[in-house]
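Asks: next come a sequence and a model predicted from it.
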Amino acid sequence: MPGYLIKTSTFRVGGRDFHMQSLLDAEQFHDPLGEAAGLGITADTWALFGQVWPAGEALAQTMATRDLTGLRVLEVGAGLCLASLVGHQRGGDMTASDIHPLIPTFLAENARLNGLPPMRYETCDWSGTEAFGEFDLIIGSDLLYDHDNQADLADFIDRHSASSVEVLLVDPDRQGQQTFHDEMAELGYGMNVSHADCMLANGERFKGSYLHFSRGAVAA
């Protein structure tokens, strides 16, 4: 037994069923060796990675139709990596990234459940200074929940951006949008916001915003 409870759910994305193993609920906690605690993950936040959140499902839907030809794509704060797996299934050059120590285990299992080969994953801390590549498209969902890390997030995105880059974040209209807009503007990114409204697998509607940022030829 792994020490936490899991479930498997099915999400219909782009005309295909994606089977996703996740934590049973957001109350799970299992960190016997203190590995997560050593990364700054508390008991209250430990299980957040292990859910497919509405904004993440909305991002996955955009990846089902987005032209990924020739693009190196990075998902930031990927959690269970549904959006990355959708892009991976379509042949995209996908890299998922996050910090929770259990994500590689869930990613490997979810790739297997969907008949997909292994996908690149990078463990990262937004406040670090390292970079593991440059990407043409950077995506993420519901990342603006903490005002204190928005400068770190903007810097992380910038470190991993190619000279011409597009950034697409799906946000459930959290109050931190303007702060993040300002951080990205200081780094030289153009931006625009569009309304997000899509149906989720559970029959509910997700309403929020697509936050688009760009730099270089993409911004033209």
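Replies: Thanks, I have the structure now. Numbering: from 1, shown residues only.

Asks: residue contacts, the residue nearest the centre of the chain?
Replies: Of all residues in the chain, the one closest to the mean position by C-alpha atoms, centre = their mean is Ala78, 3.0 Å from it. Ala78 makes contact with Ser84, Ala96, Ser97, Asp98, Ile103, Tyr121, Gly140, according to C-beta atoms under 8 Å, 6 or more residues apart in numbering. (C-beta placed from N, C-alpha, C; glycine too.)

Asks: who wins for most neighbours among those residues?
Replies: The residue in those with the most neighbours, by other C-beta atoms under 10 Å, is Ser84 (29 neighbours).

Asks: show me what contacts the closest residue to Val167 other than its chain neighbours?
Replies: In space, Val167 comes closest to Phe213 once its chain neighbours are excluded; the distance is 4.0 Å by C-beta to C-beta, 6 or more residues apart in numbering. Remark: with contacts taken as C-beta under 8 Å, 6+ apart, Phe213 is in contact with Ile157, Glu166, Val167, Leu168, Leu169, Met184, Tyr189, Gly190, Met191.

Asks: circling back to that earlier point, the contacts of Ala78 into JSON lines, with extra columns for secondary structure, pLDDT and distance to Thr10?
Replies: As requested, these are exported to JSON lines (DSSP: H, G, I helix; E, B strand; the rest coil; pLDDT from 0 to 100; distance: C-beta to C-beta, whole Å):
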{"residue": "Ser84", "secondary structure": "helix", "pLDDT": "99", "distance to Thr10": "18"}
{"residue": "Ala96", "secondary structure": "strand", "pLDDT": "99", "distance to Thr10": "20"}
{"residue": "Ser97", "secondary structure": "strand", "pLDDT": "99", "distance to Thr10": "25"}
{"residue": "Asp98", "secondary structure": "strand", "pLDDT": "98", "distance to Thr10": "23"}
{"residue": "Ile103", "secondary structure": "helix", "pLDDT": "99", "distance to Thr10": "20"}
{"residue": "Tyr121", "secondary structure": "strand", "pLDDT": "99", "distance to Thr10": "22"}
{"residue": "Gly140", "secondary structure": "strand", "pLDDT": "99", "distance to Thr10": "23"}
